[in-house]
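Colleague: Sequence first, predicted model second:
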Amino acid sequence: MRYIFLFLFLSIISACDSDTIQINKSGAPALWKVRLDTPHESSETQNSLYLFGTVHLLPEGAAWSTPALEKAIDASDILVVETLGLEDTANISEIFLQMAQDEQTPAILSRLTGKDKIALDQLIDQQNLSENILSSMETWAATLAIANSLTDELGLKRSLGVETILSKHFKDREIQGLETAASQFAVFDNLSEIQQRAMLQSVVQDAHKSEEAFLRLLNAWLDGDIDNLLSDSGIMALPIVRKGLLDDRNKKWAIKLNKILTQEGKKQYFVAVGAAHLVGEKGVPKLLEKAGYRLERIQ
């Protein structure tokens, strides 16, 4: 499950509408209610929020709506997602290409060695990717392009993704974003070349395990099993990479959510972020709890 973290929290990757994976399973992904840890009378005048972990791309047949979730959505005034404007694919593509091609780069096959180089060459051919285009990209961007082709092969659909469905529910209500598309890409762009090549290597090595790995992840998400939503192998085993992709962003988001919860008013927010951000001691729920907030696991 080395590159599956991309599906969990990178909400910019797109997917085609093929039908490779079909799963007929209903579930109840993790959902929390977050409030200031104050006496009941005082808390009634404060903002509060629901915190929901998402998978941005889903296959047919993954049913995740529940009565508890529908009640939370109906009760909320404002939806908060990772990134706004993802429906503007032309703008997202322009941002991606500007950041992906702002440095001179060596041939893509020269960035790996030995068996990994051979496997990369085979993968490029199997996925019908352009070696020249990949060579024109920085390593992080080429890696995302390859991972995206594997996502397409699985038949995962943005139209079925959690944020897409939630946005429809909130079409007549306010929607806010925690990050911009550029800031999400910058997380990868700021990795060193060594770290970027380690990410490329992990994607190449696990390319043929993608369906099995994603199904394990999807089942864990549907079951609300947050302990099994993120692997410590591959690229996520590198502390500095995990720090940049998850831990640092979690801290920034916890600060923003703190501002939401402490500002004047009595609004109910529904916060939906990639499920990987809810895992462990450095996940958003634990950070809010350590900051003095009261978290109630609803499902």
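Modeller: Now that the structure is in, tell me what you want to look at.
Colleague: Give the burial count for Asp88, as a bare number.
Modeller: By the measure other Cβ atoms under 10 Å, the count of residues near Asp88 is 12. Where you see a C-beta, it was placed from the backbone N, CA and C, and this is true even at glycine.
Colleague: got the phi/psi numbers for it?
Modeller: Backbone geometry at Asp88, expressed as degrees, to the nearest 10, gives phi -90, psi 80.
Colleague: got it, and Glu82?
Modeller: Dihedral angles for Glu82 - degrees, to the nearest 10 - are phi -60, psi -50.
Colleague: Over to Glu103?
Modeller: According to degrees, to the nearest 10, Glu103 has phi -140, psi 150.
Colleague: For it, give me its contacts.
Modeller: When contacts are counted by Cβ atoms under 8 Å, 6 or more residues apart in numbering, Glu103 touches Glu138.
Colleague: so how far is Gln201 from Ile146?
Modeller: 11 Å (Cβ to Cβ, to the nearest Å).
Colleague: swap that for Leu278, sorry
Modeller: 27 Å.
Colleague: repeat for Ala254
Modeller: In terms of Cβ to Cβ, Ala254 sits 31 Å off from Gln201.
Colleague: Can I get stretch 107-125 in PDB? Just the C-alpha atoms.
Modeller: Taking Å, rounded to 0.1, in the frame of the first residue of the first chain, the C-alpha atoms of stretch 107-125 are listed here in PDB:
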ATOM      1  CA  ALA A 107      15.300  11.600 -18.900                       C
ATOM      2  CA  ILE A 108      12.700   9.900 -16.800                       C
ATOM      3  CA  LEU A 109      14.400   6.500 -17.100                       C
ATOM      4  CA  SER A 110      17.700   7.800 -15.800                       C
ATOM      5  CA  ARG A 111      16.000   8.700 -12.400                       C
ATOM      6  CA  LEU A 112      15.900   5.000 -11.400                       C
ATOM      7  CA  THR A 113      18.400   2.200 -11.600                       C
ATOM      8  CA  GLY A 114      18.500  -1.600 -12.000                       C
ATOM      9  CA  LYS A 115      15.300  -3.500 -11.800                       C
ATOM     10  CA  ASP A 116      13.300  -0.400 -10.900                       C
ATOM     11  CA  LYS A 117      14.500   1.300 -14.100                       C
ATOM     12  CA  ILE A 118      13.400  -1.700 -16.200                       C
ATOM     13  CA  ALA A 119      10.100  -1.800 -14.400                       C
ATOM     14  CA  LEU A 120       9.500   1.900 -15.000                       C
ATOM     15  CA  ASP A 121      10.200   1.400 -18.700                       C
ATOM     16  CA  GLN A 122       7.700  -1.400 -18.800                       C
ATOM     17  CA  LEU A 123       5.100   0.500 -16.900                       C
ATOM     18  CA  ILE A 124       5.400   3.500 -19.200                       C
ATOM     19  CA  ASP A 125       4.700   1.200 -22.100                       C
END
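Colleague: Need the mean per-residue confidence for that stretch.
Modeller: Averaging pLDDT along stretch 107-125 gives 97.
Colleague: Could you pull out the buried residues of that stretch?
Modeller: Neighbour counts over stretch 107-125 (16 or more other Cβ atoms under 10 Å) mark 108, 111-112, 116-117, 119-120, 123-124 as buried.
Colleague: again with stretch 258-273
Modeller: Neighbour counts over stretch 258-273 (16+ other Cβ under 10 Å) mark 258, 260-261, 267, 269-273 as buried.
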